[in-house]
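J.: I'd like to go over a predicted model; first the sequence, then the structure.
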Protein chains: 2
Amino acid sequence: MGDRDTESPLSTSDLHATVSLRLARHDYRYTRGRRRLVEVILAAGQPVTLPNIVVAAPDLAPSSVYRNLDVLERSGVVNRITAGGDHAYFEFAEPLLSHHHHLVCVDCGSIEDVYLDDELEASVDRSLAEVAGRAGFTPLRHSLDLHGRCAGCGSG
Amino acid sequence: MGDRDTESPLSTSDLHATVSLRLARHDYRYTRGRRRLVEVILAAGQPVTLPNIVVAAPDLAPSSVYRNLDVLERSGVVNRITAGGDHAYFEFAEPLLSHHHHLVCVDCGSIEDVYLDDELEASVDRSLAEVAGRAGFTPLRHSLDLHGRCAGCGSG
DNA sequence: GATCATAATGAGAGCAAGTCTCATTCACAC
DNA sequence: GTGTGAATGAGACTTGCTCTCATTATGATC
């Protein structure tokens, strides 16, 4: 599993270069539509849904956006977050965005990124690896999300 | 018909009593169909999808099963797990099944329960509470799942 | 046990997120 | 510039899940 590259968040041009490389590695082309899609996700600065993307870039065809999100996911550029709401959320995958977790609002479905300290992450990975080993399970990544009510939805 | 050796801390009769109480607390009735549904989930001993349920109990109407899973979720009897596959998974909620996490297979979508030690759980809760507090977020529960390949799907 | 108000049921219609199709257009190698 | 195969996009299609509504079961009260 681990690529242990501890890269800091990338500049826009570095991002495009990295995405291009990853797509090429999977024999995909970095077309104008895919570049626009990457820029929309970058500009959002948080996980986005298809409606978010189409509102931000109405010239992108939904069917192509879905297809390209799939391509980006296969290439390791983007992660799909299925939190249970109507839509899936997408954000940059790990080396493009440092390892983090999510606050998922059970009312409005919004997702916010949060960062935990490295020591806890290490403990979690260690425990999960142990438990996975016992089950003959090959770990790829973990997801640690907190479900509750966001500041906007309050305790109502 | 009575299986006794699941991970559930409750006996079958205690389970029914608890479910009945929780439903009543929300002004729901514990009907025959809901009792059957609870028994199917108990017998499975692991998270189940709607197809799983209907195969195990073909006399239950899918529309009623969906509605009743919703009722059971609202009453805190059952948890919905949306792992990204085609179907949602359901299992008993926390006091009916002790706190645990999931090994989610990225290939076949299967979900297996795993248990972590209490100390790690406490650390996780502490860190998440701190981070949530900073964001004005009201925590309800956390989900910590390991994504990878199950023993059956191998490392291929 | 009989009666009644109301919740639950179930078959099928309906909805919507996401996928597939296919004719057209673009990206890249040469 | 040319050619080949991938990418595009509009819309049809699939499908997990929800809604509708006439019928039936449930639990409270007598």
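T.: Here it is on my side, so go on.
J.: which positions in stretch A:140-152 come out as buried?
T.: Of all the residues in stretch A:140-152, those buried under the rule 16 or more other CB atoms under 10 Å in any protein chain shown are A:141-150. Where C-beta positions appear, they are placed from N, C-alpha and C, glycine not excepted.
J.: make CSV out of the residues you listed and add distance to DNA strand D and pLDDT.
T.: Output for the buried residues of stretch A:140-152, formatted as CSV (distance: CB to the nearest atom of the strand, whole Å; pLDDT from 0 to 100):
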residue, distance to DNA strand D, pLDDT
A:Arg141, 23, 90
A:His142, 23, 92
A:Ser143, 18, 91
A:Leu144, 23, 94
A:Asp145, 18, 93
A:Leu146, 22, 94
A:His147, 17, 92
A:Gly148, 20, 92
A:Arg149, 20, 92
A:Cys150, 21, 91
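J.: need the max-distance pair from these.
T.: A:Arg141 and A:Arg149 (26.5 Å; CB to CB).
J.: quick one on the thing from earlier: which of the buried residues of stretch A:140-152 fall within strands?
T.: Members of the buried residues of stretch A:140-152 lying in strands (criterion: DSSP state E): A:141-149.
J.: out of those, which comes closest to B:Ala61?
T.: Nearest to B:Ala61 out of those is A:His147 (CB to CB; 30.1 Å).
J.: how far away is the closest residue to A:Val54 other than its chain neighbours from A:Ala44?
T.: Distances taken as CB to CB, 6 or more residues apart in numbering or on different chains place A:Pro62 nearest to A:Val54, at 5.9 Å, with adjacent residues excluded. Distance of A:Pro62 to A:Ala44, given as CB to CB, to the nearest Å: 17 Å.
J.: the more surrounded of the two?
T.: A:Ala44 (15 against 11; other CB atoms under 10 Å in any protein chain shown).
J.: contact partners for the more buried one?
T.: A:52, A:56 (CB atoms under 8 Å, 6 or more residues apart in numbering or on different chains).
J.: can you list the domain ranges for chain A.
T.: Using automatic domain parsing, the domain ranges for chain A come out as A:10-94, A:98-156.
J.: tell me which of those domains lies nearest to B:Ala17.
T.: Once the domains of chain A are compared by CB to CB, domain A:98-156 is nearest, at 27.6 Å.
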